[in-house]
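Engineer: Need a 3D model of the following:
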Amino acid sequence: MTFDSAFQPGNHEGLAVPPLGILDILSPVSAHVSALVGIIGGVTLGVLVVWLLVVLKCKLKANVPSHVTSRSPLLLHPDQMRTELQVRNSLGFSLTKRCRLIEEDEQRDHNATLDNDTLLCSVCKKLDFYRIFLDGIPQTEEIPLDSLSSILQKSYQCNFCRLISFHVRRTWMLDKFSDVDLSGIQCRLLSMKCGCLRGPFYPPPKFRCYRLHVNMEGLDNFWERYPASRATAGSLTIFLMQEDAFKFGRPTDLHSRRVKNTVDVDLVKKWIKLCQENHGDECHDVWRKDDGEDKNLPGYVRLVDVVSMTLVPARSGCRYVALSYIWGDVSTEYQTTTDNIAERSIPGGLNTATFPETITDSILFVRQLGLRYLWIDAICIIQDCSKDKLTQIQSMDLVYGLSYLTIMAAGGASARDPLPGCRPRTRTLKQHIEVVQGLHLCVGPPRLRQALALSVWNTRCWTYQESALSHRRIYFTEQQVYFECRGNAFCEDITAESKGLRSSSSFVRDSCGEYFPQADPFGTYMGAVNECTRRNLTQESDVVYALTGVTNALAIGFRLGDPARVFYCGMMLTDLHHALLWQHDPHTPRARRSLPDGSSLPLPSWTWAAWRGAVDYTSEHRYLGIVNGSGEPSVVETFVNFWYIVDHSGATVQLDVHRISRIVLNPMTEEEKSAYSPLSGILDPAELMLNIHRPLAPGTLIFRTTSSHFNIAQRSSEENDESSTCLHHGLFDILSTTSSPPIWVGTAVLPLDPTPPSSLEFIVFSRTATLGTCDEQSLGKYQECVLHVMAVNQNEGLMQCVGLGVIHEVSWNASQPEEKVVFLR
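Structural biologist: Numbers count the residues shown, from 1 in each chain. Reported below is the predicted structural model:
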């Protein structure tokens, strides 16, 4: 029997009960002893408490330097506050009381230095980082730090300087340059608000969160000397780690958290769940506006069953993941062909031993998410069957638009690279943490937009539509994993999980790219063309195919009609007046794109897809400066009423093109009353034929307008904004041929090589409104007095596009333009 069991209630077995008389004698003695013990214990406890308070007070006084007063402007966060809180916690203070004490202590003056001040330089030691993260630094009160070169030198002895140095050395690629001149670059410190996940837009202090930003003055000269560094350098932002949020009485919202060696799959599941439960239709089939559309994959689309490891037809309503990645220069052994499609269609038929790591990691990740089906182009499309490839390519809007989630393998340069973080030792952490005045601060990975700008994945043309069409995206980058949907954005290094309330704000969400689609169809189309033509293709003739998913989505989402009739060679036919106003990027040579295999006929000259390199849809500001480019082209009145095109079968069909009528609100001036009048009337069948003794080629555009000839003169390199050696297109003055001396009547953008002739033929399309593109003092200036024109050359009655321009309406009318039926090819 144990000692404890002897004193359990009702347990008397084995106990000898003393006689009653003895108990009577012992009772008074026991009472006196108990009282004496109580008195001694109480005195001892009191002495102990007094001793603890005296020791604490002495310690706090010892931490206060004699030269610091309660009114010092740059005071350090007090160590004694944390020490006192720890003591209070050890004495049993409740959580509510501790929170109240924290709020009270936040208002105290901070009069102590920290033990690790020896790890700060003389400049950083003067800063009160606690106060900075508590109240922030207004941009108008930036705190000067030091020159960048000095900060780099001090990085070995100062923790805060080391944070700055880590970012600069990593993103500026300083190690690639033997002798880098950083003179003249000065650093200044300010704070930026992180937002508030709980709303409203102006949160109370307990929900505020700041991040530090280091501004650098004098960078322009450095970027000119080292342009490669500018391409990779991101903003220098320093975060407070979430484990220190309690020191400010705040939640961990929008503070930094530690990134693990491998991706936290449960965290990814949480991101997906937040999107599912809170965003509804906003993130479900975002570009398919017609609820009556069939939202199932066609049966001819195949999926990888990651459980049975076989290729299966897509089942109705099945939940699947799509993969976006770079093929790169890898063996084609893993691809599906006509020889192995039968074997791969039986359970276990997919042998992962031949698969590159991007593919195997994606299969692993889908299994970890608890999902079963995965779409991979190289596996799900028969690569040596042209018919199957064409059918599947034309369904990319469905494959990516209907996916439950899309994996963006943005961390490698080919399919042989792993998904960073999917498995141990597949990524190097880019998060650097230092302790500064007792606070854990970090320079973390870049935001999503910056991370993608550093990736090879983001330079490929096919990946644009794969990202744009997907409503939920997981980006595996070298830095970390990011999640993005239409309603929110998350990442591994920032605690930003929330329901995405309309009243909330988050810098993580603000750092995302543009959404697809935008408010209007042409604006969305324009952005897609601008982006895609700046990306790379292994087969440059695939440029139209690489955008087919986007054009299909636009036609369906905005109910423009059959995609095959809405778009031709990538051109948006329903808004042809705008679509024809594309310009070559001035730094891109004018050269024809390679032809697709088996094709002998080049694409029409009026399509951007016919030409290599970047294309701009930009406003008329391009005519004021060749490198100017923003906004979109403006059309206030269309002059061509009926358009026709020769389709792929050789038939001439009329196009359904949106028309724009001019609206004049004020009383018309005399010039406006004599404005250019567009030609009307449908072309008769005889006018649709050109006597060239051969059929018109598919893609020939036919319409009625007027044409006229003008002289041109190239502007000087200074007026073209840059040295002519950097440009392949330039500004040309359009000059009248009916006046002496010639009057400057308009401006054109034309290729510099070969040098255009001194006189060109122009055809007119539409009216716009811009100033500064002609001699308005001689010609007169009134509302919307400028016309859009195209410079053309002609061969056997067929015209080809040379460039675009604008001409003053008075000069066009004075040139006695000739009515023509144009065959533009």
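Engineer: Contact partners for the spatially closest residue to Ser680 that is not a sequence neighbour?
Structural biologist: Closest residue to Ser680 in three dimensions, ignoring its sequence neighbours and counting by C-beta to C-beta, 6 or more residues apart in numbering: Asn641, at 5.6 Å. Backbone N, C-alpha and C define where each C-beta goes, glycine included. Residues in contact with Asn641 (C-beta atoms under 8 Å, 6 or more residues apart in numbering) are 659, 678-681, 704.
Engineer: Same question for Thr391.
Structural biologist: Thr391 neighbours (C-beta under 8 Å, 6+ apart): Tyr300.
Engineer: ok now the one helix or strand it maps to, how far from the chain's centre?
Structural biologist: Assignment of secondary structure by DSSP states H and E places Thr391 within helix 386-393. Computed by C-alpha atoms, centre = their mean, to the nearest Å, the chain-centroid distance of helix 386-393 equals 30 Å.
Engineer: Any stretches of the stretch 151-300 of the chain with poor pLDDT?
Structural biologist: Residue ranges of the stretch 151-300 of the chain with pLDDT under 70: 177-178, 199-205, 228-234, 281-282, 284-294.
Engineer: Please, where are all the strands along it?
Structural biologist: All strands of the stretch 151-300 of the chain, identified by DSSP state E, counting those that start in this stretch, fall at 186-193, 195-196, 210-217, 237-240.
Engineer: mean confidence for the helix holding Thr391?
Structural biologist: Averaging pLDDT along helix 386-393 yields 92.
Engineer: same deal with stretch 590-610?
Structural biologist: Mean pLDDT, stretch 590-610: 86.
Engineer: so how far is that stretch off the chain centroid?
Structural biologist: The answer for stretch 590-610 is 31 Å, by C-alpha atoms, centre = their mean.
Engineer: Now it: buried residues?
Structural biologist: 590, 593, 602-610 (16 or more other C-beta atoms under 10 Å).
Engineer: May I ask which two of those residues are separated the most?
Structural biologist: Across the buried residues of stretch 590-610, the longest distance by C-beta to C-beta is 15.1 Å; it joins Arg590 and Pro604.
Engineer: I'd like to know which of the strands of the stretch 151-300 of the chain lies nearest to Ile556.
Structural biologist: Each of these was scored for nearness to Ile556 using C-beta to C-beta, and the closest is strand 195-196 (35.0 Å).
Engineer: Please give the centre-to-centre distance between that closest one and its chain.
Structural biologist: 20 Å.
Engineer: Could you dump the buried residues of stretch 590-610 into TSV with distance to Gly699 and secondary structure added?
Structural biologist: As requested, these are exported to TSV (distance: C-beta to C-beta, whole Å; DSSP: H, G, I helix; E, B strand; the rest coil):
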residue	distance to Gly699	secondary structure
Arg590	19	coil
Arg593	14	coil
Pro602	9	coil
Leu603	7	coil
Pro604	4	coil
Ser605	9	coil
Trp606	8	coil
Thr607	7	coil
Trp608	13	helix
Ala609	10	helix
Ala610	9	helix
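Engineer: Could I get the CA-only coordinates of stretch 536-545 as PDB?
Structural biologist: Output of stretch 536-545 as PDB, limited to C-alpha atoms (Å, rounded to 0.1, in the frame of the first residue of the first chain):
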ATOM      1  CA  ASN A 536      10.000  33.900 -77.100                       C
ATOM      2  CA  LEU A 537       8.900  31.000 -79.200                       C
ATOM      3  CA  THR A 538      10.900  28.000 -80.300                       C
ATOM      4  CA  GLN A 539       8.900  27.900 -83.500                       C
ATOM      5  CA  GLU A 540       8.100  31.600 -84.200                       C
ATOM      6  CA  SER A 541       5.400  30.600 -86.700                       C
ATOM      7  CA  ASP A 542       3.400  29.300 -83.600                       C
ATOM      8  CA  VAL A 543       2.600  32.900 -82.500                       C
ATOM      9  CA  VAL A 544      -1.100  32.700 -83.600                       C
ATOM     10  CA  TYR A 545      -1.600  29.300 -82.000                       C
END
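Engineer: Which positions within it qualify as buried?
Structural biologist: For stretch 536-545, burial by neighbour count (16+ other C-beta under 10 Å) applies to 537, 540, 542-545.
Engineer: now stretch 817-825
Structural biologist: Across stretch 817-825, burial judged by 16+ other C-beta under 10 Å covers 817, 821-825.
Engineer: ok, so of the residues you listed, who is nearest Cys442?
Structural biologist: Of all the buried residues of stretch 817-825, Leu824 has the smallest distance to Cys442: 58.4 Å, by C-beta to C-beta.
Engineer: For Leu696, see how far away the closest one is.
Structural biologist: 11 Å (C-beta to C-beta, to the nearest Å).
Engineer: Please apply the same query to Arg315.
Structural biologist: Computed as C-beta to C-beta, the Arg315 to Leu696 distance reads 46 Å.
Engineer: now the helices: where do they sit in the stretch 51-200 of the chain?
Structural biologist: 79-90, 95-106, 129-135, 148-154, 159-171 (DSSP state H, counting those that start in this stretch).
Engineer: CA atoms only for the fourth one, dumped as PDB, please.
Structural biologist: By that I understand helix 148-154. Extracted in PDB, the C-alpha atoms of helix 148-154 (Å, rounded to 0.1, in the frame of the first residue of the first chain):
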ATOM      1  CA  LEU A 148      25.400  52.500 -50.100                       C
ATOM      2  CA  SER A 149      29.200  51.800 -50.400                       C
ATOM      3  CA  SER A 150      29.600  52.500 -46.600                       C
ATOM      4  CA  ILE A 151      26.600  50.200 -45.800                       C
ATOM      5  CA  LEU A 152      28.200  47.400 -47.700                       C
ATOM      6  CA  GLN A 153      31.500  47.900 -45.900                       C
ATOM      7  CA  LYS A 154      29.700  47.900 -42.500                       C
END
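Engineer: That helix packs against which elements?
Structural biologist: For helix 148-154, the packing partners by 3 or more C-beta pairs under 8 Å, 6 or more residues apart in numbering; DSSP states H and E come out as helix 159-171, strand 186-193.
Engineer: longest single strand anywhere in this protein?
Structural biologist: strand 701-714 (DSSP state E).
Engineer: C-terminal to that one, what's the next element?
Structural biologist: Going down the chain from strand 701-714, the next helix or strand is strand 729-735, by DSSP H and E.
Engineer: that older thread, ok, Arg315 and Leu696, which is more surrounded?
Structural biologist: Taking neighbours as other C-beta atoms under 10 Å, Arg315 and Leu696 compare with Leu696 leading, 18 against 13.
Engineer: what about the stretch 651-800 of the chain, any weak spots by pLDDT?
Structural biologist: In the stretch 651-800 of the chain (pLDDT under 70), the answer is 665-673, 717-725.
Engineer: Please enumerate the helices of it.
Structural biologist: 670-673, 776-779.
Engineer: Any idea how many residues pack against Glu343?
Structural biologist: Residues lying near Glu343 (other C-beta under 10 Å) number 14.
Engineer: And for Gly805?
Structural biologist: Neighbours around Gly805, by other C-beta under 10 Å: 26.
Engineer: Distance check, it against Asn813.
Structural biologist: Per C-beta to C-beta, Gly805 is found 16 Å from Asn813.
Engineer: again, but for Glu620
Structural biologist: Counting by C-beta to C-beta, the gap from Glu620 to Asn813 is 20 Å.
Engineer: who has more neighbours, the two?
Structural biologist: Per other C-beta under 10 Å, whichever of Glu620 and Asn813 has more neighbours is Glu620, with 22 against 17.
Engineer: list the contacts for that one?
Structural biologist: Per C-beta under 8 Å, 6+ apart, neighbours of Glu620: 633-634, 768, 770, 773, 786, 806.
Engineer: and those as CSV, adding distance to Asp266 and neighbour count?
Structural biologist: Below are those laid out as CSV (distance: C-beta to C-beta, whole Å; neighbours: other C-beta atoms under 10 Å):
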residue, distance to Asp266, neighbour count
Pro633, 49, 23
Ser634, 51, 17
Thr768, 55, 21
Thr770, 56, 19
Thr773, 60, 25
Val786, 60, 26
Val806, 58, 22
